[in-house]
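Undergrad: Whatever this is, show me its structure:
(one chain, ligands or ions: 2)
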Amino acid sequence: MIRAKKFFIQTFGCQMNVYDGMRIAAMLNARGMIQTPDVTDADIIILNTCAVRAKATEKVYSALGRIRLAKKPDALFGIVGCVARESGADAFRRIPDLNFVLGPQSYHRLPDILENPDAKLLNIDMSGLEKFDALPQMEKSPLLAYIPIQEGCNHCCTYCIVPYTRGREISRDFDDVMRDVRHAADTGALEICFLGQNVNGYKQNGKNALSDLIRETAQIDAIKRIRFTSSYPTEMTDDLIDLFRTEPKLLPFLNMPIQSGSENVLTRMNRPYSLKLYIDIIDKLRAARPDIQISSDFIVGFPDESDDDFNQTMEIARRIKYINSYSFKYSPRPHTAAAVMPNQIPENIKKERLAKLDALLNDIQREFNDTCVGKTLSCMREGADKTGRNTVYRTPYMQQCIVNIAQNSAPDIADIKITAASKASLRGKISD
Ligand code: 5AD
Ligand code: SF4
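TA: Numbers count the residues shown, from 1 in each chain. Ligands and ions are numbered 1, 2, ... in the order given. Predicted coordinates for the structure are as follows:
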């Protein structure tokens, strides 16, 4: 009997990368390969990488160092994604026995290395949408289907490597996206999450068209929940905001990063919106859907950020009451304007500011979680918890809710009465 070849894949970084990882796994499955969680047992090892912060890149290279020693001698290994694009051929200089380096737009070429294992496969082209056509459809959709609708970014924030790794913004064709949505619905999806680095910048014929996608998706009976991530403030059209009032399937949750609460810092970040504009959008969203919750990403210690600038970030976090947010120390990245700006902030100050902001964000999250106790929320099943005895659900506000019920008897969507809250999650019971 011929032993099926095994692959190991580890994904770092954003939702888009998680999606790419799923597509890579599906592509290898379609070739008869089986996924293994054990690097030492794999015939091909893929690190699906993120370059957004220097630490993320370093993590990839130290993992590669460990994998080199642990893998079977003839196993192929390499990197795909943003570090591959950032490093290019340099990755082969750093790790000479590496077999492949494939950027985020060219991972559909991975099977080439299986055909020709002695080659060094390098492809960091920015060919754009070719991969979406080249990849096989997934046979069965998870309950939550991520559907990428645009890739890349035109905003050119001065700290961000993404325009370099993922390229300029490209929107996929409307009908192609809807074909993917219908395929997901037909094969088991109950929730659609539209994905893009700048998802609300999705355009068709020059016009913002995310709201059209949501309206059309909402007409599919099988789809019960719709959301999208991540949004750029100035692309938040009134039409899209209004959908939070009119479309009950659109979840009351929006990720719309502000990054900093200081207009001076925002200007240097090349994020040209005023706080007033940002707050006006939030006010309109809350008028449309009073229970809507907002999440953000924050960067602390951007070059020349003063104590006063930082306090304005704390202020805006208190005012908006963000939940499910992420905060990062500014990390200088190659190919970015901010990396060469004067007055880079010392590490100890960045660390202090991050700790303060994190503590505040945790308090706000805890407060919101507490307000959910006693309520009944319609939640969707996500998987088993660490113990395997409980099932984890997601609330409409993206909190995790743990229910003491075995996975195999847990309904996909359930009304759950929230019985307890902690900083990180909720507990609840399926309500009868
Ligand atoms: N340093 C720190 N954080 C960064 N991000 C992007 N680039 C950097 C950087 N150079 C953060 C932003 C973005 C999230 C994905 O990562 O907050 O929204
Ligand atoms: Fe990381 Fe950005 Fe690439 Fe996503 S797009 S993997 S966050 S660098």
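Undergrad: Number of residues surrounding residue 367?
TA: Close neighbours of residue 367, defined as other Cβ atoms under 10 Å, add up to 13. Glycine gets a C-beta too; all of them are placed from N, C-alpha and C.
Undergrad: again, but for the one 10 residues further on
TA: Counted with other Cβ under 10 Å, the burial measure for residue 377 works out to 20 neighbours.
Undergrad: Am I right that it falls within a strand?
TA: Yes. Counting by DSSP: H, G, I helix; E, B strand; the rest coil, residue 377 is part of a strand.
Undergrad: Let me see the contact set for it.
TA: By Cβ atoms under 8 Å, 6 or more residues apart in numbering, the residues touching residue 377 are 395-397, 401, 415-416, 418, 428.
Undergrad: let's see it at 6 Å
TA: 395, 416 (Cβ atoms under 6 Å, 6 or more residues apart in numbering).
Undergrad: same thing with residue 89?
TA: residue 122.
Undergrad: how far away is it from ligand 1?
TA: As judged by Cβ to the nearest ligand atom, to the nearest Å, residue 89 and ligand 1 stand 23 Å apart.
Undergrad: now could you export just the CA positions of the helix or strand hosting residue 285 as PDB?
TA: Counting by DSSP states H and E, the element that carries residue 285 is helix 275-288. Extracted C-alpha coordinates of helix 275-288, given in PDB (Å, rounded to 0.1, in the frame of the first residue of the first chain):
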ATOM      1  CA  LEU A 275     -11.600  62.400  15.500                       C
ATOM      2  CA  LYS A 276     -14.900  64.200  14.900                       C
ATOM      3  CA  LEU A 277     -15.400  62.200  11.700                       C
ATOM      4  CA  TYR A 278     -14.600  59.000  13.400                       C
ATOM      5  CA  ILE A 279     -16.900  59.700  16.300                       C
ATOM      6  CA  ASP A 280     -19.700  60.900  14.000                       C
ATOM      7  CA  ILE A 281     -19.600  57.500  12.200                       C
ATOM      8  CA  ILE A 282     -19.800  55.700  15.600                       C
ATOM      9  CA  ASP A 283     -22.800  57.900  16.600                       C
ATOM     10  CA  LYS A 284     -24.600  57.100  13.300                       C
ATOM     11  CA  LEU A 285     -23.900  53.300  13.800                       C
ATOM     12  CA  ARG A 286     -25.300  53.500  17.300                       C
ATOM     13  CA  ALA A 287     -28.300  55.400  16.100                       C
ATOM     14  CA  ALA A 288     -28.800  52.600  13.500                       C
END
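Undergrad: For residue 206, give me the pLDDT.
TA: Per-residue pLDDT puts residue 206 at 93.
Undergrad: quick one on the thing from earlier: and the helix holding residue 285, what's buried?
TA: Burial within helix 275-288, assessed by neighbour count using 16 or more other Cβ atoms under 10 Å, is assigned to 275, 278, 281-282, 284-286, 288.
Undergrad: Up against ligand 1, what does the stretch 101-250 of the chain have?
TA: Selection of the stretch 101-250 of the chain residues close to ligand 1 by Cβ under 6 Å from any ligand atom yields 159-160.
Undergrad: rerun at 8 Å
TA: 157, 159-162, 230 (Cβ under 8 Å from any ligand atom).
Undergrad: Okay, and which of these map to helices?
TA: Using DSSP state H, the members of these that fall in helices are residue 162.
Undergrad: Could you export the residues of the stretch 101-250 of the chain next to ligand 1 to JSON lines, including columns for pLDDT and neighbour count?
TA: What follows is those, written out as JSON lines (pLDDT from 0 to 100; neighbours: other Cβ atoms under 10 Å):
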{"residue": "157", "pLDDT": "97", "neighbour count": "20"}
{"residue": "159", "pLDDT": "98", "neighbour count": "25"}
{"residue": "160", "pLDDT": "97", "neighbour count": "23"}
{"residue": "161", "pLDDT": "94", "neighbour count": "24"}
{"residue": "162", "pLDDT": "91", "neighbour count": "24"}
{"residue": "230", "pLDDT": "95", "neighbour count": "20"}
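Undergrad: Just to be sure, residue 351 is in a helix?
TA: Yes. Counting by three-state DSSP, residue 351 is located in a helix.
Undergrad: how deep is it tucked in, by neighbour count?
TA: Residue neighbour count, defined by other Cβ under 10 Å, stands at 13 for residue 351.
Undergrad: contacting residues for residue 277?
TA: Not one residue lies near residue 277 by Cβ under 6 Å, 6+ apart.
Undergrad: Just the pLDDT at it, thanks.
TA: Residue 277 is assigned a predicted lDDT (pLDDT) of 98.
Undergrad: any idea how far it lies from residue 258?
TA: Using Cβ to Cβ, to the nearest Å, residue 277 is found at 11 Å from residue 258.
Undergrad: any common contacting residues for those two?
TA: Common neighbours of residue 277 and residue 258 (Cβ under 6 Å, 6+ apart) do not exist.
Undergrad: The helix holding residue 285 and ligand 1 in contact?
TA: No. Judged by Cβ under 8 Å from any ligand atom, helix 275-288 stays clear of ligand 1, getting no closer than 14.5 Å.
Undergrad: Distance from that helix to the middle of the chain?
TA: 24 Å (Cα atoms, centre = their mean, to the nearest Å).
Undergrad: What sits closest to the residue in the stretch 101-250 of the chain positioned nearest to ligand 1 if chain neighbours are left out?
TA: In the stretch 101-250 of the chain, the residue found nearest to ligand 1 is residue 159; the distance is 4.0 Å by Cβ to the nearest ligand atom. Distances taken as Cβ to Cβ, 6 or more residues apart in numbering put residue 338 closest to residue 159, at 4.5 Å, once the chain neighbours are dropped.
Undergrad: isn't that neighbour right up against residue 161?
TA: No. Between residue 338 and residue 161 there is no contact under Cβ atoms under 6 Å: 10.5 Å.
Undergrad: circling back to that earlier point, possible to save the residues of the stretch 101-250 of the chain next to ligand 1 as CSV with distance to residue 32?
TA: Below are those laid out as CSV (distance: Cβ to Cβ, whole Å):
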residue, distance to residue 32
157, 43
159, 43
160, 39
161, 36
162, 35
230, 36
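Undergrad: which residues in the chain form helices?
TA: 15-30, 54-70, 82-87, 90-94, 111-115, 130-134, 162-165, 174-186, 210-218, 238-246, 263-268, 275-288, 307-320, 347-372.
Undergrad: what's the distance between residue 343 and residue 313?
TA: Computed as Cβ to Cβ, the residue 343 to residue 313 distance reads 17 Å.
Undergrad: the more surrounded of the two?
TA: Using other Cβ under 10 Å as the criterion, residue 343 and residue 313 rank with residue 313 on top: 26 against 9.
Undergrad: Look up how far residue 115 lies from the more buried one.
TA: Here the criterion is Cβ to Cβ. By it, residue 313 lies 51 Å from residue 115.
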